[in-house]
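Participant: what's the 3D shape of this:
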Amino acid sequence: MSEKKMSSSRRHYLKSLMLSIAKGLLEEEEQEKEQEKLRWMEENCPPLSLPSGSQQLMEFLRELHHKIDRIDEERYDLESKVNKSAKEIEDLNIKVIDLKGKFKKPTLRKVRMSADAMLQALLGSKHKVSMDLRANLKQVKKEVKEEDKELRNVGDWRQNIEDKSGMDGRKKMFETEG
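Facilitator: Here you go, the predicted model:
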């Protein structure tokens, strides 16, 4: 079933209602952040009380200077840790991309090259390697069986047919086999 289309005035009303609700939520969230910031400042930063004498003021400034130095050292340490972690993450991302094989494989062209030329291209001109495969083959002596000799020495095929034709030829065939 097709749903009825909403009229433009109704759509405009709902849109403005949604925007007003969202605006109210954003304002509340902003006020909460401001209150949280004030609470944190009250907890971690005591009210400033300046000493009255110059000697006390110098001592106060030294303490403040030491605190600033400590905080700077901590900030530097944290920055170096973050930079090191970011570099490790980047290296790992590169490894992941390499393992996935996202790189395009180039189209390969046919190259006619002998085995010797291929080895010379791979190994360089210093190495002299020949790919004479026939030199590495094992020599095998072939034994020729007598049966094979008889089959090869058939002679003229017409004569063979004449010998086997008729009853005499059939008789000879059975005598030679048995």
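Participant: going forward, measure contacts between C-alpha atoms and count neighbours the same way
Facilitator: Noted.
Participant: the longest helix in the protein is where?
Facilitator: The longest helix of the chain (DSSP state H) is helix 54-100.
Participant: what ranges of this protein fall below the confidence cut-off?
Facilitator: 1-3, 102-104, 126-136, 144-178 (pLDDT under 70).
Participant: let's see 50
Facilitator: 1-2 (pLDDT under 50).
Participant: residue boundaries of the helices in it?
Facilitator: With DSSP H as the criterion, the chain has helices spanning 8-44, 54-100, 115-123, 146-152, 157-164, 166-177.
Participant: re the thing from before, check which helices and strands the longest helix of the chain is in contact with.
Facilitator: Using 3 or more C-alpha pairs under 8 Å, 6 or more residues apart in numbering; DSSP states H and E as the contact test, no helix or strand touches helix 54-100.
Participant: Distance from the chain centre to that helix, please.
Facilitator: Mean-position distance between helix 54-100 and its chain equals 33 Å (C-alpha atoms, centre = their mean, to the nearest Å).
Participant: quick revisit: just name the most buried of the helices of the chain.
Facilitator: Between those, helix 115-123 has the highest mean count of neighbours, a mean of 14, where neighbours are mean count of other C-alpha atoms under 10 Å.
Participant: No further questions, thank you.
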